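> coords below, sequence missing:
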């Protein structure tokens, strides 16, 4: 993900509200970017992926690297060196994939590494974490001959409709399903190890809580008894903080620990305590946390394959992309057959099918609480028949009812929701 994101939440929200968001499909842009040719060899296409940390984190960076390695399916791997590799494509061209790990979170370091990659002939660059956005946007202005892709953050194609694209996963869909499993099993109190109080984790926490409430209701319990207690560690990856937060929540009596950090250590800590279970996040935690019920895992591979194929074909376009279950960008893995009955898993998988068909969890009636610009509590209401828009979700800085913990910082303009009508479900095909 992207750390020392020790940045101003106010700046984040201001930038978010200035950005154009594509609802479900990529932003329509008429421009088709011509594939840049390598100066030394037009038969070689050089792609560079930058990672904030190492794939050994068994979390965020590991998920991205899993996706990167799926590029090996495009042809014959003819060379490997560390994390990097070369693939000979069917048309004889060489896809040269360079992976740079442990770039860090300093904007100056990110720009330095990025410039070095460009000097070495990179024709397409993926920045896979939040903090890479500024260096990518600056260098995209300088190098119109290179294609740039930024993961996470907010859409930026409004300011650059030529060679800069953004992409992200609707991880809150997986959070909703994971929460449903917890509630359906009858657990109403969950301790959650949160990272930074910015919209991305906040909407995931909210999605998880809504899932718990639905699960409780279907289990015959009162959904209003759901309590998701959030402890912010203000880091994306910090083993000690994750362990301490999990230990603290367990000491408070929480028997379910929801991991939301970039590494599996809060889940692992939970499984060291008798009678405590965990819920994984981002990368399957089974090998580290055998007490985990399930993990909502990120699957970046399909996106990376599609975008590089488009670049090779000369049909790449800049867009703001946000995909979920319908794009195979989120998958539920590590199902624990000993803890999750078959009927509960089947019900969860039906929810996934419903989401693919158009069901949206963030629809009214929905209530919550946040802070106004004066840091006083304010109620937020989504009425029946209305849903949060993509921008409402991307700028979410408030908790739905049932979440307990320190509120995120308020938007400078207050909580002004756009809202939209509940989508009309697709008609059921008539049997012949």
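Done, it's in. Bear in mind the structure is a predicted one, so any value in this text is a computation, not a measurement.
> which SS class is residue 374?
coil (DSSP: H, G, I helix; E, B strand; the rest coil).
> how near is it to residue 380?
16 Å (CB to CB, to the nearest Å). Placement of C-beta: from N, CA and C, glycine included.
> who's more crowded, the two?
Neighbours were counted for residue 374 and for residue 380 using other CB atoms under 10 Å; residue 380 has more, 20 against 8.
> Helix, strand or coil: sort out the more buried one for me.
strand.
> contacting residues for it?
367-370, 398, 415, 417 (CB atoms under 8 Å, 6 or more residues apart in numbering).
> So which of the residues you listed wins on neighbours?
When neighbours are counted as other CB under 10 Å, the busiest of these turns out to be residue 398, with 24 neighbours.
> Look at the residue nearest to residue 321 when sequence neighbours are not counted and give its secondary structure.
With sequence-adjacent residues excluded and distances taken as CB to CB, 6 or more residues apart in numbering, residue 321 is closest to residue 167, at 4.3 Å. Under three-state DSSP, residue 167 falls in the strand class.
> could you measure residue 167 against residue 319, distance?
Taking CB to CB as the measure, residue 167 falls 8 Å from residue 319.
> Strands of the stretch 1-150 of the chain, start to end?
Along the stretch 1-150 of the chain, counting by DSSP state E, counting those that start in this stretch, strands occupy 44-50, 76-81, 84-88, 94-100, 124-127, 147-151.
> TSV please, covering those and showing mean pLDDT and distance to residue 308.
Below are the strands of the stretch 1-150 of the chain laid out as TSV (pLDDT from 0 to 100; distance: least, CB to CB, whole Å):
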stretch	mean pLDDT	distance to residue 308
strand 44-50	98	6
strand 76-81	98	15
strand 84-88	98	10
strand 94-100	98	7
strand 124-127	98	7
strand 147-151	96	9
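> of all those strands, which lies closest to residue 421?
Among these, the nearest to residue 421 by CB to CB is strand 147-151 (30.4 Å).
> Under the pLDDT cut-off, which ranges of the stretch 1-150 of the chain? List them.
In the prediction, the stretch 1-150 of the chain carries residues with pLDDT under 70 at positions 1-40.
> Return the set of buried residues in the longest helix seen in the chain.
For the chain, the helix with the greatest residue count under DSSP state H is helix 199-218. Neighbour-count burial for helix 199-218, counted by 16 or more other CB atoms under 10 Å, picks out 199-216.
> and if you look at stretch 219-229?
Buried residues in stretch 219-229, defined by neighbour count with 16+ other CB under 10 Å: 221, 223, 226, 228-229.
> just checking, residue 196 touches residue 236?
Yes. In this structure, residue 196 is within contact of residue 236 by CB atoms under 8 Å, at 7.0 Å.
> Surely residue 278 forms part of a strand?
Yes. Assessed with three-state DSSP, residue 278 lies in a strand.
> Please name the bridge partners of residue 379.
Here residue 379 shows beta-bridge partners residue 369, assigned using DSSP bridges.
> heads up, I number from 327, so please use that
Understood, numbering begins at 327; the last thing we discussed is residue 705.
> how much space is there between it and residue 491?
37 Å.
> Between those two, which is the more surrounded one?
Regarding residue 705 and residue 491, a neighbour count based on other CB under 10 Å identifies residue 491 as having more, with 27 against 11.
> who does the more buried one bridge with?
Under the criterion used (DSSP bridges), residue 491 bridges to residue 475.
> how deep is the closest residue to residue 460 other than its chain neighbours tucked in, by neighbour count?
Nearest residue to residue 460 in three dimensions, chain neighbours excluded: residue 433, at 5.5 Å (CB to CB, 6+ apart). Neighbour count of residue 433, defined by other CB under 10 Å: 15.
> got the contact list for residue 433?
So residue 433 contacts 457, 460-461 (CB under 8 Å, 6+ apart).
> what's near enough to touch residue 621?
By CB under 8 Å, 6+ apart, the neighbours of residue 621 are 504, 605-612, 658-660.
> Which of those fall in strands?
Among these, the subset assigned to strands under DSSP state E consists of 605-608, 658-659.
> could you dump those to JSON lines with pLDDT and distance to residue 586?
Shown next, in JSON lines, are the ones in strands among the contacts of residue 621 (pLDDT from 0 to 100; distance: CB to CB, whole Å):
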{"residue": "605", "pLDDT": "98", "distance to residue 586": "9"}
{"residue": "606", "pLDDT": "96", "distance to residue 586": "10"}
{"residue": "607", "pLDDT": "95", "distance to residue 586": "5"}
{"residue": "608", "pLDDT": "92", "distance to residue 586": "9"}
{"residue": "658", "pLDDT": "98", "distance to residue 586": "16"}
{"residue": "659", "pLDDT": "97", "distance to residue 586": "16"}
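> now residue 467: how far from residue 433?
15 Å.
> can you check residue 545 too?
With CB to CB as the criterion, residue 545 and residue 433 are 47 Å apart.
> for residue 675, helix, strand, or coil?
Residue 675, by the three-state scheme (three-state DSSP), is helix.
> mind listing what it touches?
Applying CB under 8 Å, 6+ apart, one finds that residue 675 lies in contact with residue 658.
> how about a cut-off of 10 Å?
Residue 675 is in contact with 503, 658, 661, counting by CB atoms under 10 Å, 6 or more residues apart in numbering.
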